[in-house]
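**Q** Sequence first, then the predicted structure:
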Amino acid sequence: MAFQHGKSTIITVTAVDLSAFTNTSEFERGADEHDVTTYGKNDHVVQGGLLTGKFTMGGVYDNAAATNPKVTLPPLLGTVVAVIRKPEGTGSGKAQQAFSALLTKYVETSPVADMVTWSAEFTKSDAVTTTAQA
């Protein structure tokens, strides 16, 4: 078994690499559930439906770089964008997930005794392409 450290993760949104500003991300995949229970049953009967997914990312606010999250993400709110997630980092044979996602939320948080942070939430749109990097 080969474990993978999260520090190697690479994330790009609309081909902009936001990895240097990101310290957390989560990719959730699921499916719709439909209740097809009929009369006479004592238990629910369910069927699967369309696949769903959410993607979140966040990190420490940094206003020095020209392509930081505060510059890159807010103009994309309400639009479907290209996301590439490389949970093992970049390299031949390493995993890569590419998908389109609707950017639904961008948040900046300013705690009194800590660094300013940012977070973003996306809803997956259409299929995920999972491949090994060339």
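**A** Arrived safely.
**Q** what helix or strand is the residue nearest in space to the middle of the chain on?
**A** Taking CA atoms, centre = their mean, the centroid of the chain lies closest to F55, which sits 2.6 Å from it. When elements are assigned from DSSP states H and E, F55 belongs to strand 46-60.
**Q** which element follows that strand toward the C-terminus?
**A** Taking DSSP H and E as the definition, the helix or strand right after strand 46-60 is helix 69-72.
**Q** List of residues touching stretch 73-83?
**A** Residues from elsewhere that reach stretch 73-83, judged by CB atoms under 8 Å, 6 or more residues apart in numbering: 11-15, 55, 98-106, 118, 120, 122, 125. (Glycine included, C-beta is placed from N, CA and C.)
**Q** Flag the shaky bits of this protein, pLDDT-wise.
**A** For the chain, residues meeting the criterion pLDDT under 70 lie at 1.
**Q** rerun that using 90 as the cut-off
**A** 1-6, 63-66, 134 (pLDDT under 90).
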